[in-house]
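[1] this is the structure alone, sequence omitted:
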């Protein structure tokens, strides 16, 4: 898999985990999916940084911040 393909795959993993966060049956499962989304985005940010893709790094960081804010406002107690 190319680096670009890996980056796309990591983003897709993060988005899938984010979607599953909403489908969680309980807070523990939601937290696990949140963790999966964060991990995939952290990996994607690291890869984008190593590839010199500053625009992708910025976009991915914004997406991560959004997901964190959603989780904290909707799933944290």
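    Received, thanks. The shown structure was predicted, so the numbers you read here are calculated from the model rather than taken from an experiment. Residues are numbered from 1 along each chain as shown.
[2] give me the pLDDT for residue 77.
    Residue 77 is assigned 62 on the pLDDT scale.
[3] distance-wise, check residue 30 relative to residue 45.
    22 Å (C-beta to C-beta, to the nearest Å). To be clear about C-beta, it is placed using only N, CA and C from the backbone, and glycine gets the same treatment.
[4] next: residue 29.
    25 Å.
[5] looking at these two, which is more packed in?
    Legend: neighbour count by other C-beta atoms under 10 Å for residue 29 and residue 45, higher for residue 45 (21 against 13).
[6] what's the closest non-adjacent residue to that one?
    residue 60 (4.8 Å; C-beta to C-beta, 6 or more residues apart in numbering).
[7] give me the phi and psi for the one you found.
    phi -70, psi -40 (degrees, to the nearest 10).
[8] could you measure from it over to residue 47?
    Residue 60 is 9 Å from residue 47, by C-beta to C-beta.
[9] more neighbours: which of these two?
    Between residue 60 and residue 47, counting by other C-beta under 10 Å, residue 60 is the more crowded of the two (25 against 19).
[10] contacting residues for that one?
    11, 41, 44, 45, 48 (C-beta atoms under 8 Å, 6 or more residues apart in numbering).
[11] for this structure, give me the ranges with low pLDDT.
    77 (pLDDT under 70).
[12] burial count for residue 54?
    10.
[13] then the one 4 residues further on?
    Residues near residue 58, counting by other C-beta under 10 Å, number 12.
[14] next one: the one 4 residues further on
    With neighbours defined by other C-beta under 10 Å, the count for residue 62 comes to 10.
[15] quick one: residues in contact with the top helix by length along the chain.
    The longest helix of the chain (DSSP state H) is helix 27-50. Helix 27-50 has contacts (C-beta under 8 Å, 6+ apart) with 3, 6-7, 10-11, 13-15, 17-18, 20-21, 24, 56-57, 60-61, 63-64, 67-68, 71, 75, 77.
[16] that concludes my questions; thank you for your assistance.
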